[in-house]
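S.K.: Pasted the sequence and its predicted model underneath.
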Amino acid sequence: MTDTLVRDAMVPDPTSLQESATAQEAGRELSDPDVRAVLVCADGGALVGVVTRKTLVREVVAAGLDPRATQLRAIAEPPAYTLEAGMPLDEAFQLVESRDLERVPVVEDGKLVGILSRAVVQRRLAEDEPPPPESDLGD
């Protein structure tokens, strides 16, 4: 498992929009119950932030802004954590566990390349564990 990297376990191409996209477009993506966050990227693919349902309510609805005119660059929150694609998976798992994170954006050279899910890492680690040694009880 020590040779396994974050890029080997990440989900590539997570839900993302350009920073020039609108809050309404983010809302459309977030209306899918399986999508918990929209990652916001600059034109070159650099990760700029994250927009969640909570972000939309607080920054757009409660503030009385027009979701069709509000660009994501104005409301995206910087990601709390990111992981490098080349980081060893066991190190990434320790970070995810210690910070109690469910999903973390994965970057390579500053560009968004995927997302790492705690559940996927746990499954991957379980698959990589050697089976317990069989006990020799003798007859």
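M.R.: Sure thing, it's come through.
S.K.: which residues of this protein score low on pLDDT?
M.R.: By pLDDT under 70, the low-scoring segments of the chain are 1-2, 128-139.
S.K.: Show me the helices in it, by range?
M.R.: 6-9, 23-30, 53-56, 72-75, 89-99, 118-128 (DSSP state H).
S.K.: Tabulate these (CSV), appending mean neighbour count and distance to L112.
M.R.: Where you see a C-beta, it was placed from the backbone N, CA and C, and this is true even at glycine. What follows is the helices of the chain, written out as CSV (neighbours: other C-beta atoms under 10 Å; distance: least, C-beta to C-beta, whole Å):
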stretch, mean neighbour count, distance to L112
helix 6-9, 18, 13
helix 23-30, 19, 15
helix 53-56, 17, 17
helix 72-75, 18, 14
helix 89-99, 16, 16
helix 118-128, 13, 17
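S.K.: okay if I get the ones you listed as CSV plus distance to Y81?
M.R.: Putting the helices of the chain into CSV (distance: least, C-beta to C-beta, whole Å) gives the following:
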stretch, distance to Y81
helix 6-9, 12
helix 23-30, 20
helix 53-56, 17
helix 72-75, 20
helix 89-99, 6
helix 118-128, 12
